[in-house]
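In: can't give you the sequence, but here's the structure:
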């Protein structure tokens, strides 16, 4: 195998390109958006497991140059009283500390690193169809251009075109909550930096972190029927504040003041998830990241899981004796972990019981199965030798 096509230049796609390039493959990235600034208004946290994956592809510095670290988590009840304050992830190791940053900034940093390493990334390339042949797979783009390779990797997100070609019946479903995201330069009573605060409100789950510059990044998860597509498309920050503030003002926490101080940078989305068991591959085509296993945002693991995918896929293709064996190995290693995350995150969103099993659990996301995960990610380990 010499030529790999990655469709999607976001976190999963750029991460895959970096990992595959390090593993010695010829890889090119095709991104539908004209630039790297998709979703610039939203923020995310990279957990320690995601930062560990970045370290394996020598990309820690590109990400630690943006955003800010989070080393502890505190929990408030609906009266504003602190009920817990614990270390977060691998707080004692600087390059593995949780990191809070804007999604658009992370996309741009990873794509810059892709370009710096001489990997081709073509913007404005919207996938139209995929043609599998006896000697390769060809991507057909909306502008009439094509690209042919030995394997096509769909890293094109929740509404993946590649997944629709592999599994047309697999569609994202509502996970039981709609989620607000915002950030403000005025953070009244928000608390210290390096700490993410989770608020167990009476009707809203709220969380926020404050940057060294005093900018607060916050989210709010509301359990209710999904918002209508028309409302999401035409809603305004003022409309979303009016919807959220009455719910937050039932409690005596900093949440309402933070939202009231957010003038413009506010968005909302329905939390969605893919069903477990969704097919990931067909012939010479594979999906990774949210295209394969999107979960509700309740565990905050989407970006970190996508980066884990990138490293484990590259190592599987490097270590296995052939492509079919590599893709089977990749799926065997990844499916239990990422599908457990779908279940855990969905159950948090719906307020139902969370089963035990492999995978992330909030602040201790890198704890259960830690040794196994480290082996899977450690660049020097041979995954074929670890195969079950």
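Out: Ah, there it is. Quantities reported herein were computed from a predicted structural model and do not represent experimental measurements. Numbering: from 1, shown residues only.
In: which regions of the stretch 101-250 of the chain sit below the pLDDT cut-off?
Out: The stretch 101-250 of the chain contains residues with pLDDT under 70 at 188-192.
In: Do a quick rundown of the helices in the stretch 51-200 of the chain.
Out: Counting by DSSP state H, counting those that start in this stretch, one finds helices in the stretch 51-200 of the chain at the ranges 60-64, 103-116, 161-166.
In: Could I get the ones you listed in TSV, plus columns for distance to residue 382 and mean neighbour count?
Out: C-betas here are computed from N, CA, C, even on glycine. Output for the helices of the stretch 51-200 of the chain, formatted as TSV (distance: least, Cβ to Cβ, whole Å; neighbours: other Cβ atoms under 10 Å):
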stretch	distance to residue 382	mean neighbour count
helix 60-64	23	18
helix 103-116	26	20
helix 161-166	29	21
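In: Identify whichever of the ones you listed lies nearest to residue 42.
Out: Closest to residue 42 of the helices of the stretch 51-200 of the chain, according to Cβ to Cβ: helix 103-116, at 4.9 Å.
In: From the chain's centre, how far out is the closest one? Work that out for me.
Out: Using Cα atoms, centre = their mean, to the nearest Å, the mean C-alpha position of helix 103-116 is found 14 Å from that of the whole chain.
In: cool, and stretch 73-86?
Out: With Cα atoms, centre = their mean, you get 26 Å for stretch 73-86.
In: just stretch 305-315 next, same as before
Out: Centre-to-centre, stretch 305-315 and its host chain are 12 Å apart (Cα atoms, centre = their mean).
In: burial count for residue 168?
Out: 8 (other Cβ atoms under 10 Å).
In: same thing with residue 268?
Out: For residue 268, the neighbour count with other Cβ under 10 Å is 20.
In: Assess the claim that it and residue 232 are in contact.
Out: Yes: using Cβ atoms under 8 Å, residue 268 and residue 232 qualify as a contacting pair, with a distance of 6.8 Å.
In: Quick check: pLDDT value at the residue nearest to the spatial centre of the chain.
Out: Nearest residue to the geometric centre of the chain (Cα atoms, centre = their mean): residue 303, 2.1 Å. Each residue has a pLDDT score; the one for residue 303 is 96.
In: So what sits opposite residue 7 in the bridge?
Out: Beta bridges link residue 7 to residue 30, residue 154 when assigned by DSSP bridges.
In: was I right about it contacting residue 16?
Out: No: contact between residue 7 and residue 16 fails when scored by Cβ under 8 Å: they sit 10.2 Å apart.
In: any shared contact partners between these two?
Out: Residues touching both residue 7 and residue 16 (Cβ atoms under 8 Å, 6 or more residues apart in numbering): 153, 155.
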